[in-house]
Structure formats: C-alpha cells, structure tokens
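Student: got a predicted structure here, sequence first:
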Amino acid sequence: MKVYNFIAKRSFSSFKKSFTKSIIRLSVIATSLSLAVMIVAQSIFNGFQTEIAKKVFGFWGHIRISDIKASQSQEPIMLIVNDSIRNSIKTSCVDIDGKPMIQHVQSFLLYPSIMSQSEFNEGLFLKGVGKDFHWEFFNNFLVEGKTLELNSSEPSRDVMISKETAERLETKIGQSIILHFFVDNEVLKRKVRISGIYNTGLGEYDKKFAFVDIQLLQTLLGLEAHQVSGLEVICNDVLEAEIVNKNFLKKFCLTPGIQKQFGSSFHKYLNGYPYKTSLKLLYSY
C-alpha cells in the first residue's frame, strides 16, 4: 500500500463518528462533480471548435495559394495556373507509406459585387468556381435548390447565395437578380438566376459570399481561362497541412504570407485550436 493512501485511510477512519467525516464526503463528491462538469464542458467546447473549423475549411480549403500582393491591392491580382501546376501540387506530398497527402486542388476567383433585387441591395464577394470545385461540403448545407452546374463551355448564369442574403433581398429559388460590378471605372451589370440557397451557420461568411461560375467573372474582367485569384488545397488529413506547407516552401519556392481576414473573429476564436496553422497559410509565387 502506498504511503499517501495509507495516511488518507487512517485519517478518514479517525472521523468515523464525527461530523467532519460527512464534510469530507461532501467535499469529495463536490470535487468529483466539478471535475466531471469541466471534462464534459471541455469536450463540448472542443467539439464545437472542430465543427467551426470544418466549416471554415469548407470555404477555403486547408491551404490557400494566392499572390501575397492581392491583399494589399484594390485591383485583382491573378495567378497563371494550368493543369500541369495543379497536378504538380497534388502529387508533391506523400506520407511514409507513399500515399498522397493532398486530396484535391481547385481554382477560385474573387471579385466584389453589389447584388440587387427590386429596391434591396447587398454588397458581397462573388467567388467564382469551376468544374474542379469540390461541392461535398456545400451539399451538406444546401437549404433549397441545387449547387451550380458547370458542365457547359458557356458561362453559367446561375448564382448560389446564402439563406441570410436571400432573406435580406427577399428573394427565393428561381428568381432573377442583378449583379453590379465596377470594372475600369465603369459599372457593368449581369442578370443571374438563383439556383441554390445554402446555410452553413457561419454568419460572417454566409453574409459575405455568393458563388458563381468562374467563367462569368473571367469573361467580365477580360481574363483567360488560366487566370485565377488562387488555388485551394484540400488535404486528406487536416493535421498534415503543416507538413504539406513545408513541402510547398521547399519545392515551389513560395514565400509565406498572411491570409486576408474575411472572417477575422472566427480565426481569433480558433487561435488556440490545433488547426490554426492551416488557417493562415497563404503564399505568393
């Protein structure tokens, strides 16, 4: 028997018929309950953080590759990306068993716009996505309609907006809205149809983003098909994102930067989370 266990038993037995024994029992019970409550609370908190992290990664991928000057310029700064670059990135990292650490690489193009319906207006960012976009995340949060169909060689005139944006504009599936763009000191308008409404529960993201065909934005801005704002990298395991990051630095001569904070409060909230490193991986060629 260990010494501290022996002393505790002797001390406790000495209070056998006294009021002190009841107090000690209550103290032990209270301490046990406090520990149990703290463990449960921490588990719930960790689970909540995990779900939020998954949603944030659903918007941006685990790693984002973009020109670092884009966050400091009012004009869009594009990367030149082709299939060869995508394949090089996707096959650049393998684990000790030789299995790829990167699941998917997809292009995106960001551009600000004002969305209007009747007398209602809403300023937000349009995220142009292409055939390579991974829709699995948004399929889980689709409230109405469907995701964008991007199989045609012609730009789609559909848009997918959040539930919050739909409520602000008082619009619904199938209705048309007008997108206003400022391009070269000129206001351009495009009429699009709402094909889907999503709701991730992340208010800061939902109210700021809508999704359109990347070809629509490229045509509007006079860009080629290989010109994009950046690439999003989805890892097979989020915990491997830091390893993938280091491989990128070595193989592609990338310079670390800081991610533009569209949802700064969420990033601060996740600051102590194990995923935080992959939230801030942004690079420049």
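Tutor: Right, received. Where do you want to start?

Student: which strands or helices does the host helix or strand of Pro112 pack on?
Tutor: Assigned by DSSP states H and E, Pro112 belongs to strand 102-117. Counting contacts by 3 or more C-beta pairs under 8 Å, 6 or more residues apart in numbering; DSSP states H and E, strand 102-117 packs against helix 83-90, strand 120-129, helix 163-169, strand 176-183, helix 214-221, strand 227-228, strand 230-235. C-betas here are computed from N, CA, C, even on glycine.

Student: can I get those in JSON lines including mean pLDDT and distance to Ile243?
Tutor: Below are those laid out as JSON lines (pLDDT from 0 to 100; distance: least, C-beta to C-beta, whole Å):
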{"stretch": "helix 83-90", "mean pLDDT": "84", "distance to Ile243": "14"}
{"stretch": "strand 120-129", "mean pLDDT": "93", "distance to Ile243": "27"}
{"stretch": "helix 163-169", "mean pLDDT": "93", "distance to Ile243": "36"}
{"stretch": "strand 176-183", "mean pLDDT": "94", "distance to Ile243": "40"}
{"stretch": "helix 214-221", "mean pLDDT": "94", "distance to Ile243": "29"}
{"stretch": "strand 227-228", "mean pLDDT": "92", "distance to Ile243": "25"}
{"stretch": "strand 230-235", "mean pLDDT": "88", "distance to Ile243": "9"}
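
Student: from those, which stretch is densest packed?
Tutor: For these, average neighbour numbers computed from mean count of other C-beta atoms under 10 Å are highest in strand 230-235, which has a mean of 23.

Student: related to what we said a few turns ago, buried ones in the strand holding Pro112, by neighbour count?
Tutor: Applying a neighbour-count criterion of 16 or more other C-beta atoms under 10 Å, one finds 102, 104-111, 113, 115, 117 buried in strand 102-117.

Student: which one of these is nearest Asn87?
Tutor: Val105 (8.3 Å; C-beta to C-beta).

Student: what's near enough to touch the closest one?
Tutor: The contact partners of Val105, by C-beta atoms under 8 Å, 6 or more residues apart in numbering, come to 86, 89-90, 132, 231-234.

Student: about what we covered before: go through the buried residues of strand 102-117 and name the one nearest Leu239.
Tutor: Nearest to Leu239 among the buried residues of strand 102-117, with distances taken as C-beta to C-beta, is Ile102, at 13.6 Å.

Student: so how far is Leu109 from the closest residue to the closest one other than its chain neighbours?
Tutor: Closest residue in space to Ile102, ignoring its immediate chain neighbours: Lys90 at 5.1 Å, by C-beta to C-beta, 6 or more residues apart in numbering. Counting by C-beta to C-beta, to the nearest Å, the gap from Lys90 to Leu109 is 20 Å.

Student: now Glu154
Tutor: In this view, Glu154 and Leu109 are 17 Å apart by C-beta to C-beta.

Student: next: Val244.
Tutor: Taking C-beta to C-beta as the measure, Val244 and Leu109 are separated by 23 Å.

Student: hmm, back to that, okay if I get the contacts of Val105 as a markdown table plus distance to Leu220?
Tutor: Shown next, in a markdown table, are the contacts of Val105 (distance: C-beta to C-beta, whole Å):
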| residue | distance to Leu220 |
| --- | --- |
| Arg86 | 23 |
| Ile89 | 27 |
| Lys90 | 29 |
| Asp132 | 20 |
| Leu231 | 21 |
| Glu232 | 21 |
| Val233 | 26 |
| Ile234 | 27 |
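
Student: just the helices in the protein please.
Tutor: Remark: helices assigned in the chain by DSSP state H are 3-13, 19-60, 83-90, 136-139, 163-169, 203-206, 214-221, 241-252, 264-269, 276-279.
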